[in-house]
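Colleague: return a 3D structure for these sequence lines:
(chains A and B)
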Amino acid sequence: EDKVVQSPLSLVVHEGDTVTLNCSYEVTNFRSLLWYKQEKKAPTFLFMLTSSGIEKKSGRLSSILDKKELSSILNITATQTGDSAIYLCARDFGNEKLTFGTGTRLTIIP
Amino acid sequence: SAVISQKPSRDICQRGTSLTIQCQVDSQVTMMFWYRQQPGQSLTLIATANQGSEATYESGFVIDKFPISRPNLTFSTLTVSNMSPEDSSIYLCSVEDGVSYEQYFGPGTRLTVT
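Modeller: As a prediction, this is how the structure comes out:
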């Protein structure tokens, strides 16, 4: 069965800390892995990782795809209270349908 | 990236009634997707809406319960029929950018069924 598992399920850190969120999957053949931030209703696009783009960075956020380990990590450095959200990863098999992970709820304490 | 709007933003409905959710995109897209997010859960794909053909439903979702229309390349509707409290969820439409393959979501519709 196609599964996307994220860990930890929840994480509470202090402002300024660095966090690493994990996403693992089971099937090797896919087109891309995507990361989203969900604060209220709509997931906001963060990164898309593919075979030709296994590392992405934007400001304090960065993400790496490890195809050998069938996993991806999302790093957030110097966290701020505005980073508090649910972070979702999802896989696209190339048919444009996304399979989402369970999500990680990140809480940043001032 | 595509700009997606959804209406309504939220609604509270009575058991047994139906609600139609609209999704509008500012550019033409081949496929539009409808997702559901039940409380405390992750997103689950309901169906894929193609213009000019029947929607394709995922396992566990049927057309009688979630009829979908796709009259043109920028618009789609999802109807939640004969609602029960278990249908209380956030409903989201999404589209894929035809160049970058990045997927973007609309602002969502929060549905509460009493």
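Colleague: in a helix, residue A:62, correct?
Modeller: No: under DSSP: H, G, I helix; E, B strand; the rest coil, residue A:62 falls outside any helix and is assigned strand.
Colleague: need the contact list for whatever residue of chain B ends up closest to chain A.
Modeller: Per CB to the nearest CB, residue B:108 is where chain B lies closest to chain A, at 3.3 Å. (C-beta placed from N, C-alpha, C; glycine too.) Contacts for residue B:108 (CB atoms under 8 Å, 6 or more residues apart in numbering or on different chains) come out as A:40-42, B:6, B:9, B:37, B:90-92.
Colleague: quick one, phi psi at residue 95?
Modeller: All of this is about chain A. The phi/psi pair for residue A:95 (degrees, to the nearest 10) reads phi -100, psi 10.
Colleague: pull the contacting residues for the closest residue to chain B within chain A.
Modeller: Here chain A gets closest to chain B at one residue, residue A:41, 3.3 Å apart by CB to the nearest CB. Residues near residue A:41 by CB under 8 Å, 6+ apart: B:90, B:92, B:107-110.
Colleague: and residue A:71, how many neighbours?
Modeller: Counted with other CB atoms under 10 Å in any protein chain shown, the neighbours of residue A:71 add up to 17.
Colleague: which element is the spatially closest residue to it that is not a sequence neighbour on?
Modeller: Closest residue to residue A:71 apart from its sequence neighbours, by CB to CB, 6 or more residues apart in numbering or on different chains: residue A:24 at 4.4 Å. Secondary structure from DSSP states H and E places residue A:24 in strand A:19-25.
Colleague: list the contacts of residue 43.
Modeller: You didn't say which chain, so I picked chain A. Here residue A:43 is in contact with A:36-37, A:88, B:43, B:92, B:105 (CB under 8 Å, 6+ apart).
Colleague: you looked at the wrong chain, it should be chain B
Modeller: Residue B:43 is in contact with A:43, A:88, A:90, A:98, A:100, B:35-37, B:92, counting by CB under 8 Å, 6+ apart.
Colleague: can I assume residue A:89 is in contact with residue A:5?
Modeller: No: counting by CB atoms under 8 Å, residue A:89 does not reach residue A:5; the two are 9.3 Å apart.
Colleague: of these two, which one has the most company?
Modeller: Higher neighbour count among residue A:89 and residue A:5: residue A:89, with 32 against 14, using other CB under 10 Å.
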